Each structure stands twice: as structure tokens, then as C-alpha cells.
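1. Just the structure for this:
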Amino acid sequence: MKNWRKTILTLTFLGGAVFFLPSTILLLTGMAPSIVASFIDKTKERLKALTVGCVNLGFCFPYWLELVQGGHTPEKAMQILNPESLIVMYLGAGLGYFLEWICVYASVAMTQKKNRGRLKSIEKEKKALTEKWGVEVTGNYPVDEQGFLIKTDETQAVS
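-> Next comes the predicted model:
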């Protein structure tokens, strides 16, 4: 049953692509970096593909609007697809990659800063517990073969 749904969906998509051929030509060419991003993004969330795709579509939209308003023909689509418009569309994809990179970098930096603060807090709490309860609470003390504490100057002061 699911194969029929896939087949119907594929046929509907292909029929729409042929029916709206000028838009298909323009958008497939302009959105090529987004298609590549969707193939290379293997993460579960697919944020790179989403970011690149949205920004790339935003930069393709004015040219698609020009196509729709100026006569929706394949000749008009090919006329719009000049090097200048392709550069603008692909720069949009590049901006999407840059935004994704910046967001990941900022997220990692903030998480590292938060974790460093948490680590300092844990070290401070560990020091307070060691002063209160002795070196035994740290787990970092010498033991003999049977697992008993070996008395050292530090551990004798605690006992």
C-alpha cells in the first residue's frame, strides 16, 4: 500500500514539474546548492539543509517572481538564468552555509563557557566537601591491595 502512495506522489510531483516547467528550470538551477546540502547533511535534524535551503530560496524568489510576472515561459526562464542571477542565487546559498556555521560556532562557544563555569562550581564544592569530610570523599587517596586506606600525612591529619 505504501508503494502506491510513493508512486502517486512521485507521479504528481513529476507532472507538476512538467506543467510548471519554467519554474522547475529556474528553481532546480538556482536551488542546486540546497539540493547538495540536503544530500551531504546526514544529521537527524538536517539543520544545514534547512538553513541553506531557506536562505537560497529567499535569494531565488525575486527571480521566480520576475519569471511569473514576465510571462511564464521556458525562454524567459533561460533569459533570467544569466551569470549575474546565478551568482546572486548561489551567494544566498553561501550565506546559508555561513549562517549555519556561525550558529554552530556560537552554540559551541556558549556551551563551553557554561560548562567551564559549572566545572569551577563543582571544583569549589569538591574542595569544600574535602575540607569538611576529609580526603576520603574525593576518592583520590592511596589504598593497599585489600582496598584499605594507606595512612599518609594528609590522611592521618584527617583521622
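2. Which secondary structure elements does the helix or strand where L86 lies sit against?
-> Per DSSP states H and E, L86 falls inside helix 83-133. In terms of contacts (3 or more CB pairs under 8 Å, 6 or more residues apart in numbering; DSSP states H and E), helix 83-133 is packed against helix 21-30, helix 32-40, helix 47-69. C-betas here are computed from N, CA, C, even on glycine.
3. Go through the ones you listed and name the closest to K6.
-> helix 32-40 (18.1 Å; CB to CB).
4. Now do the closest one and helix 21-30, the angle between them.
-> In terms of direction (axes from the mean of the first three to the mean of the last three CA atoms, to 10 degrees), helix 32-40 departs from helix 21-30 by 60 degrees.
5. who does helix 32-40 touch, helix- and strand-wise?
-> helix 47-69, helix 83-133.
6. Can you tell me which of those is packed in deepest?
-> Ranked by average neighbour count under the criterion mean count of other CB atoms under 10 Å, those are headed by helix 47-69 at a mean of 18.
7. Rebuild the helices and strands packed on helix 32-40 as a markdown table, extending it with distance to S34 and mean pLDDT.
-> A markdown table is the format used below for the helices and strands packed on helix 32-40 (distance: least, CB to CB, whole Å; pLDDT from 0 to 100):
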| stretch | distance to S34 | mean pLDDT |
| --- | --- | --- |
| helix 47-69 | 4 | 95 |
| helix 83-133 | 6 | 94 |
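8. hey, C-alpha coordinates of stretch 61-78 in CSV?
-> In CSV, the C-alpha atoms belonging to stretch 61-78 read as follows (Å, rounded to 0.1, in the frame of the first residue of the first chain):
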residue,chain,number,x,y,z
PHE,A,61,12.4,34.2,-5.0
PRO,A,62,12.8,37.6,-6.8
TYR,A,63,13.9,35.9,-10.0
TRP,A,64,11.0,33.5,-9.8
LEU,A,65,8.6,36.4,-9.2
GLU,A,66,10.1,38.1,-12.3
LEU,A,67,9.5,34.9,-14.3
VAL,A,68,5.9,34.6,-13.2
GLN,A,69,5.1,38.3,-13.8
GLY,A,70,7.0,38.5,-17.1
GLY,A,71,5.5,35.5,-18.9
HIS,A,72,5.9,32.0,-17.5
THR,A,73,7.8,30.5,-20.5
PRO,A,74,10.9,28.4,-20.7
GLU,A,75,12.6,31.0,-22.8
LYS,A,76,12.0,33.6,-20.1
ALA,A,77,13.5,31.2,-17.5
MET,A,78,16.6,30.7,-19.6
